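Participant: Quick one: sequence and predicted model below, then my questions.
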Amino acid sequence: MKNCKLEVRVSEKEKEMFLAMAKQEGTTTSVLLRKMIREVIGEEKDIPEIIEVDKQKKNRIQFRLSNAEYLKITALAEKANLTISEYIRKRSLNEEIKIVHITALKEFVFQLRKLGTNINHLTQLANAGRIYALELSSTEQGIKEIWKSINRLLEQQQKGEVD
């Protein structure tokens with residue numbers, strides 16, 4: 001039973017191309033998009049490449065999904081840290097989707113929050129006139145170290161060394 005509705009914003013050119021594809025296959029846009037989704041868009045199709053894409057997305061394509069399809073797409077989009085529209089657009093246009101696992105970054109985020117809290121507290125003290133000079137070189141060094149660690153972690157993930 002198809003009772004979930006999904007809307008995606010696309011450029012005029014993307015809409016025209018998608019409508020032409022549906023017409024060429026002798027089907028509706030909903031059926032075509034559902035077919036693409038069911039294949040989880042893993043297979044390459046003979047989809048013409050978009051040469052010039054408008055930056056502004058004014059056009060919509062609407063279609064219906066079953067609950068299972070909707071839940072699967074939602075989960076895949078969330079896993080890729082994309083909105084549903086971004087995910088469907090990228091998959092439909094055979095664009096690569098890189099999934100960055102953020103669980104390994106939790107410690108770095110925690111440390112950055114602590115540094116942010118400390119800076120906010122110092123700023124409040126300075127604004128209240130309770131302190132006049134700040135020594136932030138250790139804070140700056142801490143932030144640099146966290147960024148180095150984050151970049152190192154992302155490089156390791158790209159090489160497949162970390163999940």
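Facilitator: Arrived safely, thanks for sending. Since we're looking at a predicted model, the values are computed, not measured.
Participant: Can you give me the neighbour number for Lys5?
Facilitator: Per other CB atoms under 10 Å, the neighbour tally for Lys5 reads 10. Quick note: C-beta positions are derived from backbone N, CA and C, even for glycine.
Participant: can you check the one 10 residues further on too?
Facilitator: Taking other CB under 10 Å as the neighbour definition, Lys15 ends up with a count of 18.
Participant: which residue ranges form the strands in the protein?
Facilitator: Assigned by DSSP state E, the strands in the chain fall at 2-10, 59-66.
Participant: what stretches of the protein score poorly on pLDDT?
Facilitator: Within the chain, the stretches with pLDDT under 70 are 1-3, 39-55, 100-104, 158, 160-163.
Participant: and Glu86, what does it touch?
Facilitator: Applying CB atoms under 8 Å, 6 or more residues apart in numbering to Glu86 gives the contacts Ala77.
Participant: Now do the helices in this structure.
Facilitator: 12-24, 29-38, 67-79, 84-92, 106-127, 137-158 (DSSP state H).
Participant: Centre of the chain to the fifth one, how far?
Facilitator: It refers to helix 106-127. Distance of helix 106-127 from its chain centroid, counting by CA atoms, centre = their mean, to the nearest Å, is 27 Å.
Participant: Other residues contacting that helix?
Facilitator: Helix 106-127 is touched from outside by 131-132, 134, 136, 139, 142-143, 146, 149-150, 153, with contacts defined as CB under 8 Å, 6+ apart.
Participant: of all those residues, which two lie farthest apart?
Facilitator: Taking CB to CB, the two most distant members of these are Tyr132 and Leu153; they sit 38.5 Å apart.
Participant: Please identify the deepest-packed of the helices of the chain.
Facilitator: Of the helices of the chain, the one with the most neighbours on average (mean count of other CB atoms under 10 Å) is helix 84-92, at a mean of 19.
Participant: can you list the contacts of helix 106-127 in a markdown table and add distance to Phe108?
Facilitator: A markdown table is the format used below for those (distance: CB to CB, whole Å):
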| residue | distance to Phe108 |
| --- | --- |
| Ile131 | 28 |
| Tyr132 | 32 |
| Leu134 | 24 |
| Leu136 | 19 |
| Thr139 | 15 |
| Gly142 | 11 |
| Ile143 | 10 |
| Ile146 | 5 |
| Ser149 | 6 |
| Ile150 | 5 |
| Leu153 | 8 |
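Participant: which residues does the closest residue to Glu12 other than its chain neighbours form a beta bridge with?
Facilitator: Once flanking residues are discounted, Glu12 sits nearest to Asn59: 5.4 Å by CB to CB, 6 or more residues apart in numbering. Counting by DSSP bridges, Asn59 forms beta bridges with Val10.
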